[in-house]
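**Q** I need the structure of the sequence given here:
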Amino acid sequence: MSPTTVSNDSILLAVTGSTVLQGNVLHQSARSDSKPQPLHVHAELALLTAGTIGALLGYAVTVVAARNLGPEFFNRFILTITLLGVASNLTEAGVGKYGLKILPAYKAEEAWGFYAGYWRFGIAVCAIASLSISNLLVLNVYLKSHQSIASETVFIGELCLPIIALSGVLSEYLMAAGRAVIATVTIRVIAPLTTLIGLELLPYLFEQPTAPQAITCYVIGSVIASTICLPLFLKRIPQQAKEAKPVYRGGRWLFSCISFATFGFLMAWLLQMNLVIAGIIDVPEDQVAHLAAAMQSGCLVMLVAKSTDKYFQPQLSKLITKKQWQESIGLRNQRHQFVALGNLLFLGIIAFFGRNILSIYGPGYVDAYPTLCWIAVGACFWTQFSMAPAFLNFIGLTRWVNTIIAITAVAMTGLTAWLCPTMGIRGAGIAFTVTVAPLAVGFALWANLLVFRKSERLARLDYLES
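**A** Numbering: from 1, shown residues only. The predicted structure is shown next:
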């Protein structure tokens, strides 16, 4: 368990300057506090709208790339994007994901020195990690083969990993500061819209657009997102934190960030790496492109959930910090109802219009419809219960969560490698769902059991004190 993670029985409330109150005082004050304000419906609708638009824009990016680049370059482009998505979880070093937990907690505790110290610490760690990893990967690609289109595509992507990592961290900082809608619009709408415009312009600028040019368009979107998020976050920093002297817990923060980075990397591996595995083993290149189309289409709902989760996570962090377990149950139920409707609508669209959706990529992509259906089911299971692992991380069970995800990811990797040679890309879809769905349900049951026990324990304490 991370030393800075909120413990089960006591929480250390550190206020900038010198005062330190033990967890029992916070426990008593939590019960006397008024309930947190309910989430505003208009904010949820705004997030859903922004997430939906962003998902559609991301989908449009893949469609335009497939049409303008051709099967070979599209395959290189989408594989590079997938690898960048996995690698960015390491280059971000977990500082943004941990910031979603710790910054709202410091604000609730009025620990302004730690608030001021953490966001500076996080950007410094992100810069060091992303530059180091990027240089190593670029050097590796350059030494192996720097003349092929494939290596050139990966080379450009890895060279720009620091700016991609910075855009992700800044957007999560902005969400932690209470501006989830603006952050979502920036990272989910403006960034992919910039990439889409660039891809649309490529045929007018070049006779035959290539994958490296498409990756450059993707990177430009991250540059614009960082340019927008940085001043907005600096403006949202509480005045008390701006005036406070930064206080650092370097070792503790770094340990927690590494845990969250590991979680992000494992999740990216679990949810995206079957596409890379299919590209490595003996699967025809055109079939890998079809699998990419099915993955992009079937996982659209997960992008919407990811946007809404970033709104709910700071709320969840505050409730855990104040030990308001009943309110956390209400937050869970509110999100479940909100997401369930979206999942049902999404599955209905896939069932009735899945072939039409795939045909947008081209006539040959329709044969990936069975794979699309399998992937969509697994994606909806994860979307429904995706807050459960976040809750488990927030209460200090990150090591257990990471271990379980790692075992599941290894199982999915082996299952994909076993099924694809005989079943084609449908095997990759089956491997995805039969591993992701039980994992999501298991995390949800585990989290529900822990919340129930903590709620019952708090109720008994209230009864004894009364």
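
**Q** Which residue, neighbours along the chain excluded, lies closest to I375?
**A** Closest residue to I375 apart from its sequence neighbours, by CB to CB, 6 or more residues apart in numbering: G298 at 3.2 Å. Glycine gets a C-beta too; all of them are placed from N, C-alpha and C.

**Q** Next up, the contacts around that neighbour.
**A** With contact taken as CB atoms under 8 Å, 6 or more residues apart in numbering, G298 is in contact with 350, 371-376, 378-379, 429.

**Q** Need the residues you listed in JSON lines (columns: distance to A46 and neighbour count).
**A** What follows is those, written out as JSON lines (distance: CB to CB, whole Å; neighbours: other CB atoms under 10 Å):
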{"residue": "I350", "distance to A46": "25", "neighbour count": "23"}
{"residue": "T371", "distance to A46": "33", "neighbour count": "28"}
{"residue": "L372", "distance to A46": "29", "neighbour count": "28"}
{"residue": "C373", "distance to A46": "31", "neighbour count": "18"}
{"residue": "W374", "distance to A46": "32", "neighbour count": "21"}
{"residue": "I375", "distance to A46": "28", "neighbour count": "27"}
{"residue": "A376", "distance to A46": "25", "neighbour count": "25"}
{"residue": "G378", "distance to A46": "28", "neighbour count": "26"}
{"residue": "A379", "distance to A46": "23", "neighbour count": "29"}
{"residue": "G429", "distance to A46": "33", "neighbour count": "29"}
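
**Q** Columns secondary structure, pLDDT and distance to L56 on top of those residues, output as a markdown table?
**A** Formatted as a markdown table, the contacts of G298 follow (DSSP: H, G, I helix; E, B strand; the rest coil; pLDDT from 0 to 100; distance: CB to CB, whole Å):
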| residue | secondary structure | pLDDT | distance to L56 |
| --- | --- | --- | --- |
| I350 | helix | 91 | 14 |
| T371 | helix | 91 | 21 |
| L372 | helix | 91 | 16 |
| C373 | helix | 93 | 20 |
| W374 | helix | 93 | 22 |
| I375 | helix | 92 | 17 |
| A376 | helix | 92 | 16 |
| G378 | helix | 91 | 21 |
| A379 | helix | 91 | 16 |
| G429 | helix | 89 | 22 |
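
**Q** Where does pLDDT dip in the stretch 301-450 of the chain?
**A** Across the stretch 301-450 of the chain, residues meeting the criterion (pLDDT under 70) sit at 304-333.

**Q** Need the pLDDT of the residue nearest to I375.
**A** G298 is assigned a pLDDT of 87 by the prediction.

**Q** before we move on, back to that, between the contacts of G298, which sits nearest G264?
**A** Within those, distances to G264 taken as CB to CB reach their minimum at A379, with 17.6 Å.

**Q** ok, the closest one touching Q296?
**A** No - proximity of A379 to Q296 does not meet the contact threshold set by CB atoms under 8 Å, at 10.9 Å.

**Q** quick one: the strands in the stretch 1-150 of the chain?
**A** Listed from the start of the chain, the stretch 1-150 of the chain has strands (DSSP state E, counting those that start in this stretch) covering 13-14, 20-21.

**Q** Tell me where the stretch 51-200 of the chain has helices.
**A** Secondary structure of the stretch 51-200 of the chain (DSSP state H, counting those that start in this stretch): helices at 95-109, 112-144, 149-159, 161-176, 180-185, 191-205.

**Q** Of all these, which one is nearest Q337?
**A** With CB to CB, the closest approach to Q337 among those belongs to helix 180-185: 18.8 Å.

**Q** mind checking how far that closest one is from the chain centre?
**A** Relative to the mean C-alpha coordinate of its chain, helix 180-185 is positioned 14 Å out (CA atoms, centre = their mean, to the nearest Å).

**Q** before we move on, the earlier item: how far away is the residue nearest to I375 from L445?
**A** Here G298 is placed at a distance of 24 Å from L445 (CB to CB, to the nearest Å).

**Q** before we move on, what about I182?
**A** Between I182 and L445 the computed distance is 35 Å (CB to CB).

**Q** Please identify which of the two sits among more neighbours.
**A** Neighbour count, other CB atoms under 10 Å: between I182 and L445, I182 has more, with 20 against 12.

**Q** I figured that one was touching K235, is that so?
**A** No - assessed by CB under 8 Å, I182 is found out of contact with K235, at 10.6 Å.

**Q** can I assume A55 is in contact with L300?
**A** Yes - contact status for A55 versus L300: in contact at 4.5 Å, counting by CB under 8 Å.

**Q** how far away is A55 from G70?
**A** 25 Å.

**Q** Compare these two and say which one has the larger neighbour count.
**A** Neighbours per residue, other CB under 10 Å: of A55 and G70, the larger number sits with A55, 24 against 16.

**Q** show me the residues around that one that make contact.
**A** Taking CB under 8 Å, 6+ apart as the definition of contact, the neighbours of A55 are 188, 300-301, 303-304.

**Q** State the distance from I258 to N402.
**A** Taking CB to CB as the measure, I258 and N402 are separated by 10 Å.

**Q** Then A261?
**A** Here A261 is placed at a distance of 10 Å from N402 (CB to CB).

**Q** picking up where we left off before, out of the contacts of G298, who's nearest G342?
**A** The shortest separation between G342 and any of these is 11.4 Å, and it belongs to A379 (by CB to CB).

**Q** burial measure for G442, as a count.
**A** Residues contacting G442 under the criterion other CB under 10 Å number 15.

**Q** before we move on, which element is it in?
**A** helix 425-465 (DSSP states H and E).

**Q** Next: Q384.
**A** With elements taken from DSSP H and E, the one containing Q384 is helix 369-385.

**Q** and the helix or strand just after that helix, what other elements does it pack with?
**A** Using DSSP H and E, the helix or strand that follows helix 369-385 in sequence is helix 387-394. For helix 387-394, the contact count by 3 or more CB pairs under 8 Å, 6 or more residues apart in numbering; DSSP states H and E identifies helix 250-280, helix 300-321, helix 325-359, helix 398-423, helix 425-465 as packing neighbours.
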